[in-house]
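> The amino acid sequence is not available; the structure is as follows:
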Ligand code: ADP
């Protein structure tokens, strides 16, 4: 096994549909045994990237290498079945007329293998994926979760160098999604499988990934460990994608405690500067933070602000509220107890949870908010 060289090397990859550039100059390496999750909202180019690696689409520029060999470039394409890459699709794509055993062993028919070895391998995969005893069932006789397990077993059967997962859990209900993402991550790590995984769900990406590749409009916004992306979001767009949905606008001031943001009569000083921002005094800037990071009823702490409760609803376990921030905007927050409308809250924001970003002149926020 070659550990020094990356398994998958993507260099300056570009894909156009007509005049529209779906991927622009994407470069990354995937190490042997690594799980990379490609995360971003619908339309950012995730599936396009996966299809180029699978060989289902041809790049307009750049190169893809697997195990040091070029598999896609403008000069030529290695066909999908010769790449040593298998894909698991969102809709499972099982053969409906074949039973579980036949589906899983499908790819092994083209591999020279005696019947006993094949049977052993299929039964071993069925055991690992908790499908014991279901060999004779047809896909329509299985639950969604079982069908997805069969699809994963089928993709693993030929022992590919790289596994591609395209929104693998989207069709499952929430409880099953939560179970399956942990189980999948555990299984792939046990097998030492290299995985390139696409999802629009940050929770799924965090549960699966060694590294996150965050795509926005066909370009990489951030590529790093889950913790790095979570703690140091490279842009306000990444911050809000990863849950920092609250924003407070103000202007940069210098204080004895360091850089601060003046919001009305409040000055917030404990701030995490995510990247090399030009912190000129008087510049418009904003802080993004997560509702769950706000410390309510804080009696001290340097980074305090007052919030007035506007609305509160029980969501099971705790209350979710909307309150007015010092800049007049809405702040979402979580509370262990119900809060009456009009209540003035003293809240504090830990330094590592208050991400400061400079706002460019005439900057528009259109398209920067994320749903869900
Ligand atoms: P994602 O998987 O992140 O939702 P896609 O890779 O499917 O995004 O698509 C990226 C962009 O490319 C979208 O704007 C989409 O409409 C466009 N696109 C994807 N496939 C095609 C195609 N075959 N023809 C034209 N446009 C396409």
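That came through, no problem. Please read these numbers as outputs of a predicted model, since none were measured by experiment.

> need the residues of the protein near the ligand, please.
Neighbours of the ligand within the chain, by Cβ under 6 Å from any ligand atom: 17, 22, 40, 42-48. C-beta coordinates here come from the backbone N, C-alpha and C atoms, glycine included.

> ok, which pair from these is furthest apart?
Spanning the widest gap among the residues of the chain next to the ligand are 17 and 40, at 17.1 Å by Cβ to Cβ.

> of the two, who's got more company?
residue 40 (28 against 11; other Cβ atoms under 10 Å).

> so that one makes contact with residue 219?
No - counting by Cβ atoms under 8 Å, residue 40 sits too far from residue 219 to count as a contact (10.0 Å).

> any residues touching the lowest-mean-pLDDT helix or strand in the chain, and which ones?
Sorting the helices and strands of the chain by mean pLDDT, DSSP states H and E puts strand 272-273 at the bottom, at a mean of 80. For strand 272-273, contacts defined as Cβ atoms under 8 Å, 6 or more residues apart in numbering pick out 231-232, 259, 279, 351-356.

> can you give me the helices for the chain?
Assigned by DSSP state H, the chain shows helices spanning 46-54, 100-105, 115-128, 144-157, 174-191, 202-208, 226-231, 236-241.

> Would you reformat the ones you listed as CSV and include distance to residue 7 and mean neighbour count?
Shown next, in CSV, are the helices of the chain (distance: least, Cβ to Cβ, whole Å; neighbours: other Cβ atoms under 10 Å):
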stretch, distance to residue 7, mean neighbour count
helix 46-54, 11, 23
helix 100-105, 24, 23
helix 115-128, 22, 15
helix 144-157, 16, 23
helix 174-191, 14, 16
helix 202-208, 17, 22
helix 226-231, 20, 17
helix 236-241, 26, 24
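
> what would those helices look like in a markdown table with mean pLDDT?
Listed next are the helices of the chain as a markdown table, based on pLDDT from 0 to 100:
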| stretch | mean pLDDT |
| --- | --- |
| helix 46-54 | 96 |
| helix 100-105 | 94 |
| helix 115-128 | 91 |
| helix 144-157 | 92 |
| helix 174-191 | 91 |
| helix 202-208 | 95 |
| helix 226-231 | 94 |
| helix 236-241 | 94 |
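
> To residue 81, which of those helices lies closest?
With Cβ to Cβ, the closest approach to residue 81 among the helices of the chain belongs to helix 46-54: 10.3 Å.

> just checking, what packs against that closest one?
strand 8-17, strand 20-30, strand 35-39, strand 85-88, strand 162-166, strand 195-199 (3 or more Cβ pairs under 8 Å, 6 or more residues apart in numbering; DSSP states H and E).

> Pull the distance from that helix to the chain's centre.
How far helix 46-54 lies from its chain's middle: 15 Å, per Cα atoms, centre = their mean, to the nearest Å.

> Would you format the helices and strands packed on helix 46-54 as TSV with mean pLDDT included?
Listed next are those as TSV, based on pLDDT from 0 to 100:
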stretch	mean pLDDT
strand 8-17	97
strand 20-30	97
strand 35-39	98
strand 85-88	93
strand 162-166	96
strand 195-199	96
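
> Any idea which of those gets closest to residue 243?
strand 35-39 (12.3 Å).

> Nearest to residue 306 among the residues of the chain next to the ligand?
Once Cβ to Cβ is applied, the member of these that ends up nearest residue 306 is residue 40, at 35.6 Å.

> so how far is residue 327 from the closest residue to residue 351 other than its chain neighbours?
Spatially, and ignoring its direct neighbours in sequence, residue 351 is nearest to residue 270 (3.7 Å; Cβ to Cβ, 6 or more residues apart in numbering). Here residue 270 is placed at a distance of 17 Å from residue 327 (Cβ to Cβ, to the nearest Å).

> Against residue 169, how distant is the nearest residue to residue 171 once chain neighbours are set aside?
Once flanking residues are discounted, residue 171 sits nearest to residue 144: 5.8 Å by Cβ to Cβ, 6+ apart. Going from residue 144 to residue 169 by Cβ to Cβ gives 10 Å.

> Need the overlap of contacts for those two.
With Cβ under 8 Å, 6+ apart as the test, residue 144 and residue 169 both reach residue 176.

> tell me the contacts of residue 290?
Neighbours of residue 290 in contact, by Cβ under 8 Å, 6+ apart: 243-246, 353.

> ok, of the residues you listed, which one's closest to the ligand?
residue 243 (19.3 Å; Cβ to the nearest ligand atom).

> for the closest one, what are its contacts?
Residue 243 touches 202, 290-292, counting by Cβ under 8 Å, 6+ apart.

> can you do 6 Å?
Each residue near residue 243 by Cβ atoms under 6 Å, 6 or more residues apart in numbering is listed here: residue 290.

> Roughly how far does it sit from residue 65?
35 Å.

> can you check residue 25 too?
Distance of residue 25 to residue 65, given as Cβ to Cβ: 16 Å.

> The two - which one has more neighbours?
residue 65 (18 against 14).
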